[in-house]
Structures are given as structure tokens and as C-alpha cells.
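Visitor: Compute the structure for the input listed below.
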Amino acid sequence: MELECECGNACIKNSEEILLEIETAHSPCSICSPIKLKKFRPLKDQLNLDSINLQWGKCECGKRHIDYVMAHILKIMINEEIQHDRSTLRNSAVPLITPAYPLKNEPYLRENSLIVLASKMDEKCAEIIHREVSEVKAVLKGEIKNTVGIKDFSSSPHVYDLLAGCDLRCDLLNTPFGPICVHKNQSQIHIEVPRHRSPKITSVSLFIFDVANIPLMPPSSLWLYPITMITFKV
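Guide: Reported below is the predicted structural model:
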């Protein structure tokens, strides 16, 4: 039986689809325009906020640099008085791309490729962001420093609030047997940033290979193996 997302859309992709898209998912095309906004300088001092809309900074290929997207989100937060008019990009939200894998450069985003987590947010503003910023798949409210999960047996589960959209996102993790594709509802599971080598997976792999006496495959071979899809539901 094939897995389906709770939102009813095709958020969960099979391994073949993901293999086809990971090389270009967050990469610019040959005519994508680069941008460098200063993260600690007020956004309104760098550009006219009224000029920011869905087409602002968007290439013909349908992607925008992540700075364009985050500036668009911040503009809406300022308009809705969630943030003050001297806010910088650092005051907007935490961007979580999907599918997520180790990147060499800042990502260029397509439709439904970003989940944002903001400590300051309300449902109205979240709905506007989700509706007007096509790259945004979901808007969460919460403090990133507060880890999602259960601290101990006497604690209640801590989760982020899903205010708009669908928060199912995908992480690609390297393992000695090839990449694993992990789908998860981000409001219910702690945030981890995929690395070329995960310390947790490396530790477990070394233990398994030592106990089972299996030769360890070189890192260069990792992406030659088929992707296994694992979906976590909390």
C-alpha cells in the first residue's frame, strides 16, 4: 500500500522521483539572477518594500533565490505588524527546505519547497504568507531553541504550531548502504540538518560493521545505491 500525506496532496514521493530531482531541486538555472541582501541591515533600507510581490526576483524557470523568498515573507510580517518596520532578514523566520540535503551554495526555491518556523506569528499572517508566497509549503510557530519531543516521562510532548499549509518535508540522509529518504511532519519532530556524514549514522554504522565484520564502503559509493524511503508519522 502506498503512503499518502494527510493533506491529500502528493507530498510523499517515491525514490525514483526524488533521484531525478535532487541534482536540480535547489540549484539555479543558467539565467537565474543572483542576489545578496545584507542579513543584519533593515530590509527597508535596501529596497522598496512595495516592489516585493510573487514575481519579484523570480526566474523564467520558476525559482527564486532564498533571500528573495525570505524578504517577501518579512514584508508580509511587517505589513501585518508581526515585525517592526526596521526588521532585518534575521528577524523573519527559520527556513527549512524540502527535500533537504547537503548543499554547496544557497538554494534557489521552487513552489512548495520551503517550510518556515517563526517565533512571532499569528494565523492570519501565516495564511497570507502561504497564499501569496508560492515557495512556502507551510508556516509553523515556535521557538527553534525549544526542541520538539518529550523531555522525560513526566513531560507532555512539545510541538510547534502548524498555522497554515502542510508541514510534511523530506530529509535525505547518507548511509553506507545509500541515501535514506525520511518524510516527517516538521511540527512534530525535532529539526536536523542533513550533512554529508551524519555523526549518529556513522557511529551506528561503525558498530554494525565491526560486529558483523562487513567491509565498510567508501564514501564515494554512497550515492550509487538506490534510495530507501522511510516515512515517520507521529
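Visitor: any weak-confidence spans in the protein?
Guide: 1-2, 15-16, 151, 176-178, 194-202, 204-209, 212-234 (pLDDT under 70).
Visitor: ranges for the strands of it?
Guide: 64-65, 94-97, 108-109, 114-118, 136-141, 161-165, 168-173, 180-185, 228-231 (DSSP state E).
Visitor: And the first one, how far out from the chain middle?
Guide: Taking Cα atoms, centre = their mean, to the nearest Å, the mean C-alpha location of strand 64-65 is offset from the chain mean by 14 Å.
Visitor: again with the second one
Guide: Its chain's average C-alpha position is 4 Å from that of strand 94-97, according to Cα atoms, centre = their mean.
Visitor: ditto for the fourth one
Guide: The chain centroid and the centroid of strand 114-118 are separated by 7 Å under Cα atoms, centre = their mean.
Visitor: between it and strand 168-173, how many degrees?
Guide: Counting by axes from the mean of the first three to the mean of the last three Cα atoms, to 10 degrees, strand 114-118 lies at 100 degrees to strand 168-173.
Visitor: about what we covered before: now the strands of the chain in a markdown table, please, with extra columns for mean neighbour count and distance to residue 36.
Guide: For the C-beta atoms, the positions are set from N, CA and C on the backbone; glycine is no exception. As requested, the strands of the chain are exported to a markdown table (neighbours: other Cβ atoms under 10 Å; distance: least, Cβ to Cβ, whole Å):
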| stretch | mean neighbour count | distance to residue 36 |
| --- | --- | --- |
| strand 64-65 | 25 | 9 |
| strand 94-97 | 19 | 16 |
| strand 108-109 | 26 | 14 |
| strand 114-118 | 25 | 19 |
| strand 136-141 | 25 | 22 |
| strand 161-165 | 19 | 28 |
| strand 168-173 | 22 | 26 |
| strand 180-185 | 20 | 32 |
| strand 228-231 | 15 | 36 |
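Visitor: doesn't residue 78 make contact with residue 84?
Guide: Yes. Residue 84 is within contact range of residue 78, at 7.3 Å (criterion: Cβ atoms under 8 Å).
Visitor: of those two, who's got more company?
Guide: residue 78 (20 against 10; other Cβ atoms under 10 Å).
Visitor: Isn't the more buried one up against residue 49?
Guide: Yes. Contact criterion Cβ under 8 Å: residue 78 and residue 49 qualify, at 6.9 Å.
Visitor: now the helices for this structure?
Guide: Assigned by DSSP state H, the helices in the chain fall at 15-21, 66-79, 123-132, 199-212.
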